[in-house]
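Peer 1: Provide a 3D model corresponding to the input given below.
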Amino acid sequence: MTTLDKIKNMLQYTTTSNKSYNGKDFEGGYHTLNICNTVIPGQRKPLERISSVPYNFENKTVLDIGSNQGGMLYSVHDKINEGVGIDFDYRLVNVANRIKSSHQYNNINFYVFDLNKEDFNLINNLSSSTYDIVFLLSVCMWIDTWRELCTWCATNIKSCLFETNGSATQQDEQVALLLTLYSKVALINKKSSDDPGKAKRRLYFCEN
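Peer 2: Predicted coordinates for the structure are as follows:
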């Protein structure tokens with residue numbers, strides 16, 4: 001069995017979590033990925049999502065909260081100094097590390113971390129340097145302590161790429177909180193065009 005076949009099997013395993021973000025209707029699960037020079041389609045397109053972000057990732061340290069299969073960090077791996085992805089689902093972390101290892105993305109690491117149970121300050125220990133930007137992409141509706149998490153991010157990390165999720169009311173509440181935490185909150189995309197099934201999510205770039 002080839003490396004590609006093994007990773008495909010692991011990607012399919014990630015779709016068994018019974019969560020709406022598992023991309024169960026796609027061969028690659030949640031993220032479209034380039035594995036062993038083969039594009040495996042997923043529910044979201046990381047390269048498309050990152051292409052509109054007004055941020056220079058060169059030599060930056062990036063934290064991806066709710067990193068899923070790692071697609072967002074893979075999309076910038078050749079630019080950044082270091083990337084750290086955290087997710088509570090061990091299936092997603094396992095396949096993310098398998099892809100990282102097989103493709104020699106040596107500046108990226110993934111960890112199991114439960115944001116509803118663990119001290120956010122522990123996240124600082126997962127990187128060898130200070131985080132420059134955090135990805136908070138469609139995760140807040142899944143986290144009970146999302147307000148505290150957003151506050152921690154704004155306090156510890158200068159820049160944030162944020163995608164709203166949940167009902168219209170939940171998304172409005174998320175944006176309202178961002179406006180109290182950051183000096184700059186810019187709307188990048190008013191809909192998630194890479195995922196037409198849930199297009200009403202909004203993408204923001206926030207900075208202090």
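Peer 1: how about the residue most central in space within the chain, what does it touch?
Peer 2: The centroid of the chain falls nearest to residue 67 when counting by CA atoms, centre = their mean (3.7 Å). By CB atoms under 8 Å, 6 or more residues apart in numbering, the residues touching residue 67 are 73, 85, 86, 87, 92, 93, 96, 110, 135. Every C-beta, even on glycine, is put in place using the N, C-alpha and C of the backbone.
Peer 1: roughly how far apart are the last one and residue 5?
Peer 2: Separation of residue 135 from residue 5 (CB to CB, to the nearest Å) stands at 30 Å.
Peer 1: And for the third one?
Peer 2: From residue 86 over to residue 5 the distance is 28 Å, taken as CB to CB.
Peer 1: where in this structure is pLDDT low?
Peer 2: Where the chain drops to pLDDT under 70, the residues are 19-22.
Peer 1: State the helix or strand in which the spatially closest residue to residue 181 that is not a sequence neighbour lies.
Peer 2: The shortest distance from residue 181 to any non-neighbouring residue, by CB to CB, 6 or more residues apart in numbering, is to residue 154 (3.8 Å). Assigned by DSSP states H and E, residue 154 belongs to helix 146-156.
Peer 1: quick one on the thing from earlier: name the residue in residue 86 and residue 5 with the higher neighbour count.
Peer 2: Set residue 86 next to residue 5 and count neighbours by other CB atoms under 10 Å: residue 86 wins out with 21 against 10.
Peer 1: So that one: helix, strand or coil?
Peer 2: Under DSSP: H, G, I helix; E, B strand; the rest coil, the three-state class of residue 86 is strand.
Peer 1: who are the neighbours in contact with the nearest residue to residue 61 once chain neighbours are set aside?
Peer 2: Nearest residue to residue 61, sequence neighbours excluded (CB to CB, 6+ apart): residue 82, at 4.6 Å. By CB under 8 Å, 6+ apart, residue 82 lies in contact with 61, 62, 107, 108, 127, 128, 129.
Peer 1: what do you get if the cut-off is 10 Å, keeping everything else the same?
Peer 2: For residue 82, the contacting residues are 59-63, 73, 106-109, 126-129, 131-132, by CB atoms under 10 Å, 6 or more residues apart in numbering.
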